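Novice: Fold the following and give me the result.
(2 chains)
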Number of protein chains: 2
Amino acid sequence: MKISSSKSSLLTGIQTVLRALPSKSTMSIMECILINTNGGKITLTVNNLDLGIETVIDGKIEKSGVVAIDAKLFHDIIRKMPDSDSDITIETDEKFTAVIKCENTVHTKAGRSDDEFPYLPDLDKSDSIVMSQLSLRELIRKTSFSIADISEDTPGQQTMRGELLEINDNTVKMCSLDGHRISMCKMELRESYPDRKVIIPGKSLKELARIINGGAEDDVEIIFTPNHVSFEYGETRVVSRIIEGNFFDVNKMLVGDYETKVKVNKKRLFECLDRSTIYVREGDKKPIILDIKDENIAIKISSANGSMNENVPAEKTGKDILIGFNPRFVIDALNVIDDEEIELDFVNSKAPCFIKKDDMSYVYVVLPVTISGV
Amino acid sequence: MKISSSKSSLLTGIQTVLRALPSKSTMSIMECILINTNGGKITLTVNNLDLGIETVIDGKIEKSGVVAIDAKLFHDIIRKMPDSDSDITIETDEKFTAVIKCENTVHTKAGRSDDEFPYLPDLDKSDSIVMSQLSLRELIRKTSFSIADISEDTPGQQTMRGELLEINDNTVKMCSLDGHRISMCKMELRESYPDRKVIIPGKSLKELARIINGGAEDDVEIIFTPNHVSFEYGETRVVSRIIEGNFFDVNKMLVGDYETKVKVNKKRLFECLDRSTIYVREGDKKPIILDIKDENIAIKISSANGSMNENVPAEKTGKDILIGFNPRFVIDALNVIDDEEIELDFVNSKAPCFIKKDDMSYVYVVLPVTISGV
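Specialist: Numbering: from 1, shown residues only, chains lettered A, B, ... in the order given. Here you go, the predicted structure:
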């Protein structure tokens, strides 16, 4: 194989596929980046079997071929190459030794064949939807923070490691939950599609959100197959395994018989809760107590280290309520809401709090903490 | 005590004195910040006995007094206060409980008296020199990287934990060494002073360099006493213990009988060495080999992971030489040199390399690594 490409094209490509590099792996081939010239294009691939990414980069193919190289080292080599007008050339011999050259700099690095490399599966593209990259990134940003942090080896609730992606007619909905809270966000699609539900691992979604940089005008196609979901845009494919099983039926959990409704400035409440976290220490998780009366939320936290209280102006309808929360859970939700004013709905002090938009385009549900001796 | 001050004044003051907060301490009082109103000024102090910092902040004293508060928590409280036009007030009662208020936010935090607090020593200011803050910061930046990383509890070479600050007539010189290399940097003072030598702990110098933000026009006074050195500017004092003992006599080590002199572009050499570090891994510290001929340095590194070679143009006088180094040691020196072109002087392949300025305003000495079987 002999190819040449600019440092910037190589770097952009490498940094995209590197997102699929496993933090630790049992097979050394998974720590490799595959460079191949099949189909007359220079394609880079990294695949850890749960998540695989492939992208095409610009460049010249002087001699077609394939080589797998340690991905981190290859990244370092390219990253530290001189910033030059000359292209970087990569040439391999029959033993897959790669010589990587730019100007006066010559790196020699042992590579491997593609014999053991897990190529991305060839997927049937008949079942797919299209949405903007911006919308997909926003859906992920607004829901992924409450994916349960449980390991793949934990028996039981494996579906909580992922998010539900649900298509209903012309709406797409994403939902995650972790035992303390639920996040749901919904958007309209430009077309209608058949109904569909799929659970995508949280890790895949988080890496995907880092790669898709496009805006509202840039589309991404999402392809569904029995075992995989693939996100494709330009000449990049992000293929993730899906999690089998049934996701919790959260629809019933997203509404309640509200006794109290409160309107409050989001930034004001966010900053107050953020201040309160000063008193939340590892191993001493003090709740924050909200005492909601007509035009005011009296917020209070007490710990061995000290205490804080603050009044936040609010507009309440319904009953007064006294309720406690882990402030971080409420902060996480406020952090991803873009509205200036938000609505908090309460059933009673032992039932969850609902932070939601009138049109139900988002709902965040946070369980309260029992407060004793207040 | 009752004082009020703006959030920005308080933050600037706290962040200055916080540099003396020990990473871990045996006495809880050392984790406190002392606020006192002695002399009609609001003074903040943190002192870990090796390094103590005191600064005066703007504000109003409504009732004089003193209180010691957990420094990290106090920093968090002030940092997260609302950005407001109103001042923050700090009021303590007879039990040293502090109420810290701004707008609607009220923090209540137990404080302590100054009974056990180690106030900064009152130093005799008769023996001092003056230089610009910029010069002092530059002297530290250009030499502190080679202070030996040894603990205070290590018997023996305690002086290597610090840097030598030496005054000779109208020059100030700083010098550090760690067994592999020596760094020396020298500057002219505006006045002449009596000769003087003092060893200042590396940690004190590094923290000092972070605080003194002034330029060439802003002075700092350095006061010498038998056990301490104090850096004073504006209303801030940084007092450090000094290290007792005799520093290595490096003057003899800073010159040699050079057989080879090489002029090379600094950026070009720096980038090449930086690339070579790709092949330097923990536990496999491969040297970089410089093969210096008339108009070229052929640079080479080989490891189990691969190899690199590169030619860097240079201008050599004297003998050809083949010599090996730990690339990081050379990089550290190049990193702080501002000149575009540098001179490397060699005695032979077993003697140190000297990177120096003609006028001897800086000298970096790096020991070579034995290279076998090249």
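Novice: show me the contacts for the residue of the stretch 201-350 of chain A found nearest chain B.
Specialist: The stretch 201-350 of chain A approaches chain B most closely through residue A:306 (3.6 Å), counting by Cβ to the nearest Cβ. In short, each C-beta sits where N, CA and C put it, glycine included. Counting by Cβ atoms under 8 Å, 6 or more residues apart in numbering or on different chains, residue A:306 touches A:279, B:73, B:107-110.
Novice: And the contacts of stretch A:116-123?
Specialist: With contact meaning Cβ under 8 Å, 6+ apart, stretch A:116-123 is reached by A:27, A:29-30, A:32, A:34, A:45, A:47, A:49, A:52, A:54, A:68, A:223, A:225, A:228, A:230, A:237, A:239.
Novice: Among these, which ones are in strands?
Specialist: A:32, A:34, A:45, A:47, A:52, A:54, A:68, A:223, A:228, A:230, A:237, A:239 (DSSP state E).
Novice: Now neighbour count and pLDDT too, for those, in CSV please.
Specialist: What follows is the ones in strands among the contacts of stretch A:116-123, written out as CSV (neighbours: other Cβ atoms under 10 Å in any protein chain shown; pLDDT from 0 to 100):
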residue, neighbour count, pLDDT
A:32, 26, 97
A:34, 24, 98
A:45, 23, 98
A:47, 24, 97
A:52, 24, 98
A:54, 24, 98
A:68, 25, 98
A:223, 18, 98
A:228, 18, 97
A:230, 20, 98
A:237, 20, 97
A:239, 24, 98
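Novice: could you redo those residues as a markdown table and give each row distance to chain B?
Specialist: Formatted as a markdown table, the ones in strands among the contacts of stretch A:116-123 follow (distance: Cβ to the nearest Cβ, whole Å):
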| residue | distance to chain B |
| --- | --- |
| A:32 | 13 |
| A:34 | 17 |
| A:45 | 21 |
| A:47 | 22 |
| A:52 | 25 |
| A:54 | 25 |
| A:68 | 14 |
| A:223 | 37 |
| A:228 | 33 |
| A:230 | 33 |
| A:237 | 29 |
| A:239 | 29 |
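Novice: what about the closest residue to residue A:288 other than its chain neighbours, how many neighbours?
Specialist: Nearest residue to residue A:288, sequence neighbours excluded (Cβ to Cβ, 6 or more residues apart in numbering or on different chains): residue A:327, at 4.3 Å. Close neighbours of residue A:327, defined as other Cβ atoms under 10 Å in any protein chain shown, add up to 24.
Novice: quick one, phi/psi of residue A:327?
Specialist: For residue A:327, the backbone dihedrals are phi -60, psi -30 (criterion: degrees, to the nearest 10).
Novice: Now do the same contact list for it.
Specialist: Taking Cβ under 8 Å, 6+ apart as the test, what residue A:327 contacts is A:273-274, A:276-277, A:280, A:287-288, A:301.
Novice: Give me the buried entries from the residues you listed.
Specialist: Buried residues within the contacts of residue A:327, counting neighbours by 16 or more other Cβ atoms under 10 Å in any protein chain shown: A:273, A:276-277, A:280, A:287-288, A:301.
Novice: Return the subset of these lying in strands.
Specialist: Using DSSP E, the subset of the buried ones among the contacts of residue A:327 located in strands is A:288, A:301.
Novice: between the buried ones among the contacts of residue A:327, which is closest to residue A:6?
Specialist: Nearest to residue A:6 among those is residue A:277, at 45.9 Å by Cβ to Cβ.
Novice: Between the two ends of stretch A:357-367, how far is it?
Specialist: 18 Å (Cα to Cα, to the nearest Å).
Novice: Now do the buried residues in that stretch.
Specialist: Under 16+ other Cβ under 10 Å, the buried positions of stretch A:357-367 are A:362-366.
Novice: Repeat that for stretch A:169-189.
Specialist: Buried-residue list, stretch A:169-189, by 16+ other Cβ under 10 Å: A:172-178, A:180-187, A:189.
Novice: From those, which land in strands?
Specialist: Per DSSP E, these map to strands at A:172-177, A:181-187, A:189.
Novice: one step back: mind giving me JSON lines with the buried ones among the contacts of residue A:327 and columns for distance to residue A:20 and pLDDT?
Specialist: Putting the buried ones among the contacts of residue A:327 into JSON lines (distance: Cβ to Cβ, whole Å; pLDDT from 0 to 100) gives the following:
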{"residue": "A:273", "distance to residue A:20": "36", "pLDDT": "97"}
{"residue": "A:276", "distance to residue A:20": "39", "pLDDT": "96"}
{"residue": "A:277", "distance to residue A:20": "34", "pLDDT": "95"}
{"residue": "A:280", "distance to residue A:20": "35", "pLDDT": "90"}
{"residue": "A:287", "distance to residue A:20": "40", "pLDDT": "93"}
{"residue": "A:288", "distance to residue A:20": "39", "pLDDT": "96"}
{"residue": "A:301", "distance to residue A:20": "42", "pLDDT": "96"}
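Novice: Identify the nearest residue to the residue positioned nearest the centre of chain A in space, disregarding sequence-adjacent positions?
Specialist: Compute the mean C-alpha point of chain A, and by Cα atoms, centre = their mean the closest residue is residue A:206, 2.3 Å away. Of all residues not flanking residue A:206 in the chain, residue A:144 sits nearest, at 5.8 Å (Cβ to Cβ, 6+ apart).
Novice: And for that neighbour, the neighbour number?
Specialist: 21.
Novice: Okay, it and residue A:329: tell me how far apart.
Specialist: According to Cβ to Cβ, to the nearest Å, residue A:144 stands 15 Å off from residue A:329.
Novice: ok, now residue A:175?
Specialist: In this view, residue A:175 and residue A:329 are 16 Å apart by Cβ to Cβ.
Novice: name the helices or strands packed onto the helix or strand where residue A:292 lies?
Specialist: Following DSSP states H and E, the helix or strand that holds residue A:292 is strand A:288-293. Counting contacts by 3 or more Cβ pairs under 8 Å, 6 or more residues apart in numbering or on different chains; DSSP states H and E, strand A:288-293 is packed against strand A:296-303, strand A:306-318, strand A:321-325.
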